[in-house]
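J.: with the input below, show me the fold.
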Amino acid sequence: MPRETDRFRIAIVGVLVLTLGASALTGAAAAQTDSPTIRVESATVQPGETATVDVVLTSAPNGLAGYAIDLSVGNSNALIEGASYPDTFGLTSEPVVSEDGSSVTLEAADLDEQVQPGSTDVVLATVEVSSGMSGDITLSVEPLQFDADGGDSVNPASESGTVTVTAGEDTASTDDGTVADSSTDRSTAPASDADDADADTDAGVGTTSTEFAFPAGGIVLTVLALTLVAAFAARRR
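T.: Purely as a prediction, here's the structure:
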């Protein structure tokens, strides 16, 4: 009987260790999912056209009080013409474009707390870039300052975007300056899930994510722990 008791105690310790491991994996996955990133969207235009691209904060786990960023073009064949802010931000600074048009500084504050904790795909600004010849134009972004609600500093990662300038004959310019394939009848094409997601974020602030990400490793460990408990319970009977 003492040996059975010892085995049961060992099993309980094992279950606790496995459960803690599953919790750690789940927490790490959630932290990775919520990591804020400043992303510059990409676009495709024809030579001489102006590309309009959004600068997006992928997530704001603790809201967003304000920000300051620099955006620059990595090609002498392109110029930043200007920029604008969405209505989300109640206080904004006039976009400062460098004399050579290679960069722009943007600053804004969310005075009305429109960007709530947990918001995703927050449009920070829209930038206009003019192009000359065919080729790829890299748009890089550098965070200067980001503050969450309450004043805590945030250090988001950054992700560059690309404006592709093409002189293809089978493309036609759309209203927003991007290029669409003229051979595709968009009126008959079914709406995709991505189109629905874009429509949800037109106002500048995405929805709050309620998905619970549970990694596969956490599921396996939890199932194993439950199996051990059931096995030892059956033996004690």
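J.: can you show me the helices along this structure?
T.: Here the chain has its helices, by DSSP state H, at 2-33, 193-200, 216-236.
J.: weakest of these by average pLDDT?
T.: When the helices of the chain are compared by mean pLDDT, helix 193-200 comes last with a mean of 45.
J.: okay, and the beta partners of Ala125?
T.: Val55 (DSSP bridges).
J.: does it touch Ser84 like I think?
T.: Yes - between Ala125 and Ser84 there is a contact at 6.7 Å, judged by CB atoms under 8 Å. Any C-beta I mention is one placed from the backbone N, CA and C, and that applies to glycine too.
J.: ok, the closest residue to Ser131 other than its chain neighbours - contacts?
T.: Excluding its sequence neighbours, the residue lying closest to Ser131 (CB to CB, 6 or more residues apart in numbering) is Val165, at 4.3 Å. Neighbouring residues of Val165 by CB atoms under 8 Å, 6 or more residues apart in numbering: 44-47, 77, 131-137.
J.: okay, now the unreliable bits of the chain?
T.: 1-34, 168-237 (pLDDT under 70).
J.: ok, now how distant is the residue nearest to Gly90 when sequence neighbours are not counted from Val73?
T.: Leaving aside its chain neighbours, Gly90 sits nearest to Leu111 (3.5 Å; criterion: CB to CB, 6+ apart). Separation of Leu111 from Val73 (CB to CB, to the nearest Å): 30 Å.
J.: so for the two, which sits in the more crowded spot?
T.: Val73 (23 against 11; other CB atoms under 10 Å).
J.: give me the distance between that one and Leu139.
T.: Distance from Val73 to Leu139, by CB to CB: 6 Å.
J.: name the residues contacting each of these two.
T.: With CB under 8 Å, 6+ apart, Val73 and Leu139 have common neighbours Val129.
J.: how many neighbours does the residue nearest to Leu106 when sequence neighbours are not counted have?
T.: Once flanking residues are discounted, Leu106 sits nearest to Ala125: 4.9 Å by CB to CB, 6+ apart. Counted by other CB under 10 Å, the residues lying close to Ala125 total 24.
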